[in-house]
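Enquirer: My questions concern the predicted model and sequence given below.
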Amino acid sequence: TKVTPVYDPSDLIGGRLYATNNQLESEYQGGVNAVLEYDLSASNHLMAGYWFDRWDVNEVAYNNLLNPSGLVSGIGANFALRDATGSLVTGTNWVNGTTTHQFFVGDTQAFFDNRLQISAGAKYLIYDVSGHNNIPGNQNGFGAHITKLEPRASFSFNATDQIQLYGNVITNVRVPISPATYIDTYNQSTGKKASVGNLSALPETSTGEQLGVRYNGDFNLDLNYFHTDLQNHQVATFEVLNGANTSIVLSAGGVTINGVAAEVASHRYAGFSVYANTQYLKATLNDNIAQGADFLPSKGKILPLSPTWIDNVGLSYDEGFLFGNLAYKHVSSQYSTFMNDETMKAYDTLDLSLGARLPEVEGLKEPTLTVSMTNLTAGKYLGTVAGVTGNANSVVGINGTALAGSAPKYYMASPFAVTVTLSTSF
């Protein structure tokens with residue numbers, strides 16, 4: 001829809017209007033979580049509950065004109081660019097609300113003097129979303145209604161006083177991200193839609209299994225295998241629209257995740273303790289992902305934002321007056337596109353914190369001085385993928401369409417920083 005802005009001709013600079021884009025977001029949230037627990041017997045525990053949540057948000061972007069000196073007469077609605085009818089000239093102006101009802105029940109039965117515990121239960125979700133897009137165009141009101149039953153079960157078995165076996169099967173649901181999934185967005189420069197809301201979007205569902213063993217003796221150890229099947233997996237990302245980062249949601253279809261995690265920690269000796277953990281992960285795309293009127297040949301590729309290895313090693317010291325912690329982390333490379341044609345490099349971090357518990361003075365209890373240093377190596381590296389895309393390079397779709405590439409976006413990691421904290425209780 002084309003609009004004619006009303007403006008002071010003196011604001012024209014070389015025949016063009018220039019403006020700052022200012023986003024105003026108002027958000028309100030409230031709810032209740034009620035739980036009832038009861039022991040049916042000495043070995044059986046019953047739990048039931050209800051969760052309610054209401055979330056309302058509205059967002060509007062104001063274009064405030066710049067004069068030839070590069071200054072604005074004001075920021076906000078009273079100084080915003082409008083058309084002849086008094087309506088805002090903007091690409092963002094919507095309201096959105098969600099209502100969540102979730103009922104849950106679970107029962108735990110113990111056997112063999114509590115050595116074996118088996119739990120089973122379920123959640124039932126009722127979710128409603130509604131909103132209104134105030135931008136002129138085809139879309140006006142939007143909404144969706146989702147219900148889902150989520151059964152689950154788990155067990156733990158104390159094989160000895162030091163060794164425990166455990167496992168679980170859990171189903172979960174993740175509702176479509178609102179309002180990014182449902183709302184149409186517009187490019188102010190062209191007047192065309194930048195993205196089209198999907199009112200029929202399905203929730204992301206998952207079924208996961210985990211099996212592991214714990215050891216608590218001369219040291220502590222946890223080793224587990226996990227497997228998860230995702231359907232309608234949602235990848236939250238963003239694009240730059242009208243000068244602002246705008247949230248969007250990409251559908252990755254089905255995903256199969258397999259992994260192994262291990263962690264070990266020592267007891268404290270002479271004030272020192274050591275901790276380490278590692279995780280191996282393989283997350284595979286099961287579908288060719290829709291892009292435009294075609295599909296990317298993405299089946300069998302690795303899910304973006306899923307590094308194969310994440311490793312942590314830590315050394316801590318605490319001997320009353322002085323304490324400290326040295327932490328090393330390694331994150332392997334990870335893909336930033338569904339076609340795996342661009343990669344964010346692996347990175348390593350080293351952080352250190354040192355502290356002292358100071359003598360108490362009148363009115364001050366447990367005063368503590370802490371010095372924290374992050375990124376000790378002062379390395380410059382990409383910290384995370386901010387904007388995932390389907391493909392960085394041009395590719396031919398499943399139906400033969402040439403699909404242009406789009407470069408992913410990244411966030412730089414924080415540089416070396418020192419934080420000094422002085423805390424106390426009263």
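Expert: Received the coordinates, thanks.

Enquirer: For residue 11, what are phi and psi?
Expert: phi -80, psi -10 (degrees, to the nearest 10).

Enquirer: For it, give me its contacts.
Expert: 17, 65, 66, 67, 68 (CB atoms under 8 Å, 6 or more residues apart in numbering). Using the backbone N, CA and C atoms, a C-beta is placed for each residue, glycine as well.

Enquirer: if I look at it, how far off is residue 108?
Expert: Distance of residue 11 to residue 108, computed by CB to CB, to the nearest Å: 69 Å.

Enquirer: go on, residue 348?
Expert: Relative to residue 108, and taking CB to CB, residue 348 is found at 42 Å.

Enquirer: Which one's more surrounded, the two?
Expert: residue 108 (17 against 13; other CB atoms under 10 Å).

Enquirer: Go ahead and confirm that one touches residue 117.
Expert: Yes - counting by CB atoms under 8 Å, residue 117 is a contact partner of residue 108 at 5.8 Å.

Enquirer: lowest average confidence, helix or strand, in the protein?
Expert: Lowest by mean pLDDT, DSSP states H and E among the helices and strands of the chain is strand 193-195, with a mean of 70.

Enquirer: mind listing what's buried in the next helix or strand after that strand?
Expert: Remark: after strand 193-195, the chain's next helix or strand is strand 204-216, criterion DSSP states H and E. For strand 204-216, the neighbour count (16 or more other CB atoms under 10 Å) marks 204, 205, 206, 207, 208, 210, 212, 213, 214 as buried.

Enquirer: and what of stretch 259-267?
Expert: Across stretch 259-267, burial judged by 16+ other CB under 10 Å covers 259, 261, 263, 265.

Enquirer: With stretch 105-122 instead?
Expert: 106, 108, 110, 117, 119, 121.

Enquirer: With secondary structure and pLDDT as new columns, can those be given to me in CSV?
Expert: Putting the buried residues of stretch 105-122 into CSV (DSSP: H, G, I helix; E, B strand; the rest coil; pLDDT from 0 to 100) gives the following:
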residue, secondary structure, pLDDT
106, strand, 97
108, strand, 98
110, strand, 97
117, strand, 97
119, strand, 98
121, strand, 97
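
Enquirer: Could you identify the most distant pair in these?
Expert: Greatest spacing in the buried residues of stretch 105-122, by CB to CB: 110 and 121 (15.3 Å).

Enquirer: so where's the stretch 201-350 of the chain uncertain?
Expert: 238-247 (pLDDT under 70).

Enquirer: how does it look with 80?
Expert: Within the stretch 201-350 of the chain, the segments meeting pLDDT under 80 span 236-250.

Enquirer: Let me see the ranges of the strands in it.
Expert: Using DSSP state E, counting those that start in this stretch, the strands of the stretch 201-350 of the chain run over 204-216, 219-241, 244-266, 272-285, 290-291, 294-295, 309-318, 322-331, 334-335, 343-344, 347-357.

Enquirer: Of those strands, give the one that comes closest to residue 186.
Expert: Of all the strands of the stretch 201-350 of the chain, strand 219-241 comes closest under CB to CB, at 8.1 Å.

Enquirer: Which neighbouring elements make contact with the closest one?
Expert: strand 193-195, strand 204-216, strand 244-266, strand 382-387 (3 or more CB pairs under 8 Å, 6 or more residues apart in numbering; DSSP states H and E).
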